[in-house]
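S.K.: Attaching a predicted model along with its sequence, questions to come.
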Amino acid sequence: MSSNFDWTQSYPSARKPVFGRNVVSTSHPLAAQAGLRMLLAGGNAVDAAVATAAAMTIVEPCSNGLGSDAFCILWDGSALHGLNASGPAPGAWTPDYFRGKYGTEARRPPMRGWDSVSVPGAVGGWVALSRKFGKLPFGDLLQPAIEIARRGYAVPVVVQQKWTAAAELLANQPGYAQAFMPHGRVPQVGERFRFEAAARGLELIAASEGEAFYRGEIAAAAERHARAHGGAMMAADFAAYAPEWVTPLAKDYRGHTLHEIPPNGQGIAAQIALGILSHFDLGALPIDSAACQHLQIEAMKLAFADVYRFVAEAASMEVTTAQMLDDAYLASRAKLIDPRRAQDFGAGNPVKGGTIYLSAADESGMMVSFIQSNYMGFGSGVVVPEFGLSLQNRGHDFSLDTASPNVVAPGKRPFHTIIPGFLTKDGAPVMSFGVMGGNMQPQGHVQTLVRMLDHAQHPQAACDAPRWRFNHGLEVNIEPGMNAAAVQGLADLGHHFNAIEDSYMDFGAGQFIWRLGDPAEEGYVAASDARRDGQAVAF
């Protein structure tokens, strides 16, 4: 695989590719090192991933917490597995519940507070992964996170920027200031932040293999806190939860196969876009040209048009994923793209007739693609104080429109933005990867894969390259650093854009581990996005 890459320095970068037989890559160094500790202790890539994920809840609290959701795709050495660890709506949630509280004009649940919180699934995901594939005792995997939470850590640059931006919005949410504004303010860059309450929560989770979280003290505390602050979440909602093992969706592109978690997630958007782009010879176009970027933007628009119209929890969808990924249907969608102008597309008819990401791989061949998120910065803003339980706001993505496939209902999972990616070739593993950042995630998957598969850019170069982000209509954000000729060319084609200088979410942040050959011999090459504070580590 490695011989196909152009290893030259393609773009200005703070990072170089990292090579090794055992690798962990994520957006905070302490979390990456927590995973590496598990590998050095004789654990495998799943042990490393769980340890890293637990540590990330402490060191990047603006992006995830103990009350997050998660998804995973992993190669166990012989087969691919998917895990959906996103949680459902509380049993009391209906359209009438929200309209009764927020008025008949409400279109979706609120953005913050207890009424934005669906049942958190990440902890259940950690337990499920450890039980099915881990080697080390589950309790050992959480020890680095417990140590970091108790001793504290120096707050890094990018995390502190987003912490500051969120605090003004969330300071009055129940439990937020107590947890995340020590001394009545946001920690400064380099200042030590301790999270003793989360250490207590992690200790209970470690000792009980998650039982305290879903059927014990933590669930009971969540119910008390919800009741005290106007929420409907019950301990029974926690107790009823279990993550789901799923078969990842597959879509071929340039001799490889991209795998994504099936709905309720948006991963299918990347597969739709690449299925459309397979009808164009992108390799014949200069990678950083307006012509090449225009085709990708238009394909992404078409993908999102269908995803936002049709994707919900699978049982509620009006169409199947097979229909949405059908080759003939995607060929018909590709014909709508005009190389000479930007367009605003609507959904087709497929019926015939702010997140953290981590990747880990070990010398046995196990590869893990894992993503975990509280959705918007600090999620709901709600923190259950006894155990540092910072809760996501995924419930905000439900609709209150009873005609929508994504309408809220008791026990139903909402539309989800977080998506781990995995690449294979001829049934063999090639790369575990992901790009964080809301609806930037499938866009990041598409842009980096086109660079690697159509233009032979190595993973770190594909990660470093400037990106665009489609928003809506004809509006596209352009990352600073994109060459002036391409920017002007896109403007001439009718794209409306502006540059956003944001190193955290707006253009995503990726982690990539590419298998070079026999993991015990050639090993892997890893890339970590300089848009975050993280790193790839290996031995």
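M.R.: Done, it's in.
S.K.: Please look at R151 and R194 and confirm they touch.
M.R.: Yes - between R151 and R194 a contact is recorded at 7.1 Å, counting by CB atoms under 8 Å. C-beta: built from backbone N, CA, C; applies to glycine.
S.K.: Look at the two and report which has more neighbours.
M.R.: Neighbour count, other CB atoms under 10 Å: between R151 and R194, R194 has more, with 16 against 10.
S.K.: Let me see the contact set for the more buried one.
M.R.: 149-152, 182 (CB atoms under 8 Å, 6 or more residues apart in numbering).
S.K.: Kindly recompute the last result at 6 Å.
M.R.: By CB atoms under 6 Å, 6 or more residues apart in numbering, the residues touching R194 are G152.
S.K.: From H28, how far out is it?
M.R.: 16 Å (CB to CB, to the nearest Å).
S.K.: This structure - how does it break down into domains?
M.R.: For the chain, automatic domain parsing gives the domain ranges 30-241+358-397, 248-355+418-538.
S.K.: between these, which gets nearest to T8?
M.R.: domain 248-355+418-538 (8.0 Å; CB to CB).
S.K.: and the end-to-end length of the closest one?
M.R.: Taking CA to CA, to the nearest Å, domain 248-355+418-538 runs 27 Å from one end to the other.
S.K.: go on, stretch 370-385?
M.R.: 27 Å.
S.K.: start the count at 106, not 1, going forward
M.R.: All right, first residue 106 from here; so that's stretch 475-490.
S.K.: Tell me which of the domains of the chain lies nearest to P515.
M.R.: The nearest among the domains of the chain, by CB to CB, is domain 135-346+463-502 at 4.6 Å.
S.K.: so how far is that closest one from its chain's centroid?
M.R.: 13 Å (CA atoms, centre = their mean, to the nearest Å).
S.K.: before we move on, what about stretch 121-129?
M.R.: For stretch 121-129, the distance to the chain centre is 21 Å (CA atoms, centre = their mean).
S.K.: Can you name the residues in contact with it?
M.R.: With CB under 6 Å, 6+ apart, stretch 121-129 has contacts from 137, 140-141, 144, 153, 157, 465-468, 565, 618, 628-631, 641-644.
S.K.: buried sites along that stretch?
M.R.: Within stretch 121-129, the residues that count as buried by 16 or more other CB atoms under 10 Å are 122-123, 125-129.
S.K.: Stretch 245-257 now?
M.R.: For stretch 245-257, by 16+ other CB under 10 Å, it's 245-255, 257.
S.K.: Among those residues, which one lies nearest to G218?
M.R.: A254 (24.8 Å).
S.K.: residues contacting the closest residue to S504 other than its chain neighbours?
M.R.: Nearest residue to S504 in three dimensions, chain neighbours excluded: N511, at 4.7 Å (CB to CB, 6 or more residues apart in numbering). Applying CB under 6 Å, 6+ apart, one finds that N511 lies in contact with 417, 504, 520.
S.K.: if you go through the stretch 106-255 of the chain in chain order, where are the helices?
M.R.: Here the stretch 106-255 of the chain has its helices, by DSSP state H, counting those that start in this stretch, at 134-145, 150-164, 200-207, 227-238, 243-246, 248-256.
S.K.: Deepest-packed of the ones you listed, please.
M.R.: Burial of the helices of the stretch 106-255 of the chain is given as mean neighbour count (mean count of other CB atoms under 10 Å); helix 150-164 ranks first at a mean of 31.
S.K.: Between helix 227-238 and that helix, find me the angle.
M.R.: Relative orientation of helix 150-164 and helix 227-238, computed by axes from the mean of the first three to the mean of the last three CA atoms, to 10 degrees: 160 degrees.
S.K.: where are the low-confidence patches of the stretch 456-605 of the chain?
M.R.: 457-459, 604-605 (pLDDT under 70).
S.K.: circling back: filter the contacts of stretch 121-129 down to the ones in helices?
M.R.: 137, 140-141, 144, 153, 157, 565 (DSSP state H).
S.K.: mind giving me TSV with the residues you listed and columns for distance to V264?
M.R.: Formatted as TSV, the ones in helices among the contacts of stretch 121-129 follow (distance: CB to CB, whole Å):
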residue	distance to V264
A137	14
G140	18
L141	20
L144	25
A153	21
T157	16
Q565	22
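S.K.: Please, where are all the strands along the stretch 256-405 of the chain?
M.R.: 258-259, 297-298, 349-351, 354-358, 361-365 (DSSP state E, counting those that start in this stretch).
S.K.: coming back round to it: quick check, nearest of the ones in helices among the contacts of stretch 121-129 to D201?
M.R.: The closest of those, once distances to D201 are taken by CB to CB, is T157, at 41.5 Å.
S.K.: Contact partners for the closest one?
M.R.: 129, 131, 136, 139-140, 463.
S.K.: Drop the exposed ones from the contacts of N511 and show what's left.
M.R.: Counted by 16+ other CB under 10 Å, the contacts of N511 give 417, 504, 520 as buried.
S.K.: which one among those gets closest to Q401?
M.R.: Taking the buried ones among the contacts of N511 together and measuring to Q401 by CB to CB, the closest member is F520, at 23.2 Å.
S.K.: Alright, calling it a day.
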